[in-house]
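take a look and give me a structure for this.
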Amino acid sequence: MANLLVRNVDDSLVQSLRELAAAHGRSAEAEHREILAKALRKPKRKSFAEVLTGIPNVGSDSDFERVDDGEASRVFG
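Below you'll find the model as predicted:
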């Protein structure tokens, strides 16, 4: 694994890192690694099928029937 050195970090940020680490029961170095990992991890993209299956089941098919009321022809003027 690689090492990372961060220079010229504001003292208040370092103190906040230490406090956050203590609150989570880990070292400042471990906290720093976790913050970096969360910030840089890319979220897993859902497939199209997963998105479709996540759409709630509302209404019936008849609620979504197309109605031809002639308005479509007037959309652009």
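
residue contacts, E29?
Listed by Cβ atoms under 8 Å, 6 or more residues apart in numbering, E29 has no contact partners. The way it works is simple: take the backbone N, C-alpha and C, and place the C-beta from them, glycine included.

distance of it relative to R45?
To R45, E29 is 31 Å away according to Cβ to Cβ, to the nearest Å.

which SS state does Q15 fall under?
Secondary structure, DSSP: H, G, I helix; E, B strand; the rest coil: Q15 is helix.

that one: neighbour count?
11 (other Cβ atoms under 10 Å).

do the same with L20
Neighbourhood size, L20 [other Cβ under 10 Å]: 15.

shift numbering so it begins at 34
Got it, first residue is 34 now, which makes that one L53.

what helix or strand is the residue lying closest to it once chain neighbours are set aside on?
Distances taken as Cβ to Cβ, 6 or more residues apart in numbering place E64 nearest to L53, at 5.6 Å, with adjacent residues excluded. Secondary structure from DSSP states H and E places E64 in helix 61-73.

pLDDT value on the most centrally placed residue in the chain, please?
Nearest to the geometric centre of the chain sits P76, at 6.5 Å (Cα atoms, centre = their mean). P76 is assigned 80 on the pLDDT scale.

ok, now the one 5 residues further on?
Residue-level confidence at F81 comes out at 94, pLDDT.

hang on, the earlier thing: next, the residue nearest to the centre of the chain: phi, psi?
Main-chain torsions, P76, degrees, to the nearest 10: phi -70, psi 150.

what about S95, distance to P89?
17 Å.

nope, M34 is what I meant
Taking Cβ to Cβ, one finds M34 at 44 Å from P89.

go on, V108?
29 Å.

work out for me the element V91 sits within.
Using DSSP H and E, V91 falls outside every helix and strand.

my error: substitute E83 in the last question.
Going by DSSP H and E, E83 is in helix 81-86.

just the CA trace of that helix, in CSV.
The C-alpha coordinates for helix 81-86 follow below in CSV (Å, rounded to 0.1, in the frame of the first residue of the first chain):
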residue,chain,number,x,y,z
PHE,A,81,-31.7,0.0,-16.0
ALA,A,82,-33.7,-3.0,-14.8
GLU,A,83,-32.9,-2.2,-11.1
VAL,A,84,-34.2,1.3,-11.7
LEU,A,85,-37.4,0.1,-13.3
THR,A,86,-38.1,-2.4,-10.6
